[in-house]
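Pasting the sequence and the predicted model now:
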Amino acid sequence: MQRNRTMIKAAGRTLALQHLQPDGAAAGPTLVFLHEGLGSIALWRDFPTRLCERLGLPGLVYDRWGHGQSEPLDRLRGLRYLHEEAESFLPEVLAAAGVDRPVLIGHSDGGTIALLYAARFPERPPAVVTEAAHVFVEDITVAGIRAAGRAYAETDLAIRLARYHGDRTESLFRAWHDRWLSPDFRAWNIEAGLATVACPVLVLQGEADQYGTRAQVDAIAQAVSGPAETALLPGIGHTPHQEAGDQVLALIASFLGRHLGPA
């Protein structure tokens, strides 16, 4: 497996990016991994490598603006920050990386971004996988983020996040926490905009997810126009690819094997 890191410009910001190239990788689409709201390249751990190797396909992982090794945030996030990631940043990341057939694999915020990209550019992704994505704000979402805020103030969570985000940690956490808990974000809902998602979609979520319920899974499956498959994982929380890595790898590999066709 070759891992090549570089810095690129997208939407006017400098972002860190990593290419994954399995030995003997076949020609075909590229697996593009979109991390969670407090995530980064490093926080994916070995999951992207394992999936790329299993499928024999190249991969792309990047730190979004404000995350990991990318340029720090310099302003508050707006109500449409996830749309901006999907419609402004991601297309330029893919163009800079030379990716024209992205299979989007998104966790949490990354799953939402994957859906928004597929809705805006329905001809581009051959498939989408979401894991713990949100398409509206639930009471459990608000409660979970409030709990994260308490943990950030009262435990070593800030120290642990700083291992991945360094001096970006405070601005990143506040941007995520404060936006999701803002009163004007309570009505955020993207269900109506997903009808143009035409590619196959796999919707994964843990039944014990502290930030969302099965209602998110059902809403995604009902909103998209392409074929949708769903899986609720018993006893699993918000990070299935870490809590049940082998199971999630198998589910994604099976799904993509059925829908991507021969390389």
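Looks like it arrived, so ask away.

In the chain, which residue sits furthest out from the middle?
Distance to the chain centre peaks in the chain at residue 154, reaching 27.3 Å (criterion: C-alpha atoms, centre = their mean).

what's it sitting at in phi/psi?
phi -110, psi -10 (degrees, to the nearest 10).

again, but for residue 27
phi -70, psi 140.

Tell me the helices and strands packed up against the helix or strand harbouring residue 114.
Here residue 114 is covered by helix 109-120, with elements defined by DSSP states H and E. In terms of contacts (3 or more C-beta pairs under 8 Å, 6 or more residues apart in numbering; DSSP states H and E), helix 109-120 is packed against strand 30-34, helix 81-84, helix 90-97, strand 102-107, strand 128-131. For the C-beta atoms, the positions are set from N, CA and C on the backbone; glycine is no exception.

got the angle between it and strand 102-107?
Taking axes from the mean of the first three to the mean of the last three C-alpha atoms, to 10 degrees, helix 109-120 and strand 102-107 form an angle of 140 degrees between their directions.

average pLDDT for helix 109-120?
The average pLDDT for helix 109-120 rounds to 98.

ok, residue 145 - contacts?
Residues in contact with residue 145, defined by C-beta atoms under 8 Å, 6 or more residues apart in numbering, are 176-177, 180-181, 211.

Now do the SS call for it.
Secondary structure, DSSP: H, G, I helix; E, B strand; the rest coil: residue 145 is helix.

Not counting its neighbours along the chain, what's nearest it?
The shortest distance from residue 145 to any non-neighbouring residue, by C-beta to C-beta, 6 or more residues apart in numbering, is to residue 180 (5.0 Å).

Which strands or helices does the helix or strand that that neighbour is a member of pack on?
Taking DSSP H and E as the criterion, the element that holds residue 180 is helix 169-181. Counting contacts by 3+ C-beta pairs under 8 Å, 6+ apart, helix 169-181 is packed against helix 139-154, helix 157-165.

buried ones in it?
Applying a neighbour-count criterion of 16 or more other C-beta atoms under 10 Å, the buried positions in helix 169-181 are 169, 171-173, 175-177, 179-181.

Distance from the chain centre to that helix, please.
Using C-alpha atoms, centre = their mean, to the nearest Å, the mean C-alpha position of helix 169-181 is found 17 Å from that of the whole chain.
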